[in-house]
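K.L.:
Fold the following and give me the result.
(one chain, ligands or ions: 1)
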Amino acid sequence: MAAPEITSSDPDGFPYGVWHERHPALFERLKGAFPFSSAQRAALDALLEETRHGSMEPLPDDAPGAALWNGAWDRGHYGKRWTDAPFLWAESYFYRRLRGAVGYHAPEGAWRGIDPFGPFKDAELAGDAVDEQLASLDELDRALVDEKTDALLLAALWGNRADLGFLLTAEEEGGDRPLVADEREALRALLRDGGGRVSLVADNAGRELIPDLLLAAHLLGAGRAAEVRLHIKPHPYYVSDATTADVLAALRRTAAAPGAAGRAGHLLWRALEDGRLTLDAHPFFCAPLGYAEMPDDLRADFASSALTLMKGDLNYRRLVGDRHWPATVPFAEVTAHFPGPVAALRTLKSDVATGLTASTVAALDAADPEWRTNGAHALIQVRAPVAGAPGGA
Ligand SMILES: O=P(O)(O)OC[C@H]1O[C@](O)(CO)[C@@H](O)[C@@H]1O
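P.N.:
Modelled structure (predicted):
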């Protein structure tokens, strides 16, 4: 039986802090980053006030996206207090409303399509940390393919710690710890089969996307994937989530780098031109729902991939269901709905945990009471359906 959905109503819980600490901090940063008009600032203030003291108001029926938000994605939460609705639904809707408040979705006007998180993403992409990431690829030039795969999987995994929304109120934890679940061997084995398409469901831009792109270049260059499909967000979302514009900016930055990173950037550039690398920004990537509820066209897309790599915390929550699972519930069980082999690469930044051993949970509880949410821990989990079994080929 499914565990209860996570809401934000517990004042001592992690999600409550997202509404009451992280979002106000975000709005302050937004107002510092843009010379917003009084109307834009008033719309932001009204949204913050609504999330803290009011109830969730629906989009007007003629607003962009209303057909989805008030139709296929509506789960009867309008009219509830924001913190009483499922955390996943409410926070996703919060980002739609935030974009609306600053004019991003206006049918016309000067602010239409301006990414409200652009200044933060630009600053990160321009930073020294990205130079270091790009330069470190030279160290792997002579590594064996499996060693390089391993190193790039870990770089892509720990890159997920660089999440600008999370870092608004949290310190970045230094040092890579042992993974709380490490199914890298199973993942490498799936990649060794090569030949097919790998779907990479990206998460954050900048310091997460750069290692994701280097991984994609390696998979293509080493024949571990015949094609890579990079799934990104159709709109700015959860502060630093990658959009097409972010992919292009990261690709330009990579291609302009010296050494191995520059070569990887050029490989990806050509791969985009000849179709071995494709971009997808399906509307469902900004939906407030789990992947169990994805529409048929996206399901068919994933079903035709040899492997899907799910990056980050939010994709994990959407993959396993944003619920109070016992942390030992099998990962294969909660991802049985997914139409093909799937691997999660995630640093832990929310209450959800699945697929851990009882001894791991006991050790984490004893050593680090905040282990679920502080971003210090990470996992790689894999589900490869057995041919002939439900969900298998
Ligand atoms: O960028 P990620 O790894 O998906 O993390 C998203 C973050 O936002 C949250 O949804 C809370 O806002 C957490 O799940 C997580 O800290």
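K.L.:
my read: Ala261 touches Glu132, true?
P.N.:
No. Using CB atoms under 8 Å, Ala261 is not in contact with Glu132, being 10.7 Å away. Placement of C-beta: from N, CA and C, glycine included.
K.L.:
More neighbours: the two, which one.
P.N.:
Taking other CB atoms under 10 Å, Ala261 and Glu132 do not tie; Ala261 has more neighbours (25 against 10).
K.L.:
buried stuff in the lowest-mean-pLDDT helix or strand in the chain?
P.N.:
Lowest on mean pLDDT, DSSP states H and E among the helices and strands of the chain sits helix 184-193, with a mean of 92. Within helix 184-193, the residues scored as buried using 16 or more other CB atoms under 10 Å are 184, 186-188, 190-191.
K.L.:
could you say what helices and strands that helix packs with?
P.N.:
helix 145-159, strand 342-347, strand 378-383 (3 or more CB pairs under 8 Å, 6 or more residues apart in numbering; DSSP states H and E).
K.L.:
change it to 10 Å
P.N.:
Counting contacts by 3 or more CB pairs under 10 Å, 6 or more residues apart in numbering; DSSP states H and E, helix 184-193 is packed against helix 145-159, strand 307-311, strand 342-347, strand 378-383.
K.L.:
So which of the ones you listed is nearest Gly17?
P.N.:
Across the helices and strands packed on helix 184-193, Gly17 has its closest neighbour in strand 342-347 (17.6 Å, CB to CB).
K.L.:
now the closest one against helix 184-193, angle please.
P.N.:
Computed by axes from the mean of the first three to the mean of the last three CA atoms, to 10 degrees, the angle separating strand 342-347 from helix 184-193 equals 130 degrees.
K.L.:
List of residues touching the helix or strand that strand 342-347 is followed by?
P.N.:
Where DSSP states H and E defines the elements, the next helix or strand beyond strand 342-347 is helix 358-367. Contacts to helix 358-367, defined as CB atoms under 10 Å, 6 or more residues apart in numbering, come from residues 178-181, 326-328, 348, 353, 356-357, 370-372, 377, 379.
K.L.:
Which positions within helix 358-367 qualify as buried?
P.N.:
By neighbour count with 16+ other CB under 10 Å, helix 358-367 contains the buried residues 360-361, 364.
K.L.:
filter those by proximity to the ligand?
P.N.:
By CB under 6 Å from any ligand atom, no member of the buried residues of helix 358-367 lies near the ligand.
K.L.:
and which of the residues you listed is nearest the ligand?
P.N.:
Nearest to the ligand, judged by CB to the nearest ligand atom, of the buried residues of helix 358-367 is Leu364 at 17.3 Å.
K.L.:
any idea how far the closest one lies from Pro178?
P.N.:
Applying CB to CB, to the nearest Å, the value for Leu364 to Pro178 is 11 Å.
K.L.:
Overlap in contacts, these two.
P.N.:
Common contacts of Leu364 and Pro178 (CB under 10 Å, 6+ apart): His377.
K.L.:
what about Glu124, neighbour count?
P.N.:
21.
K.L.:
residues in contact with it?
P.N.:
Contact partners of Glu124, counting by CB under 10 Å, 6+ apart, are 130, 162, 164, 167, 204-210, 240.
K.L.:
what does Asp176 give?
P.N.:
By CB under 10 Å, 6+ apart, the residues touching Asp176 are 154-155, 157-158, 161, 347, 376, 378.
K.L.:
I'm done for today, thanks for sticking with me.
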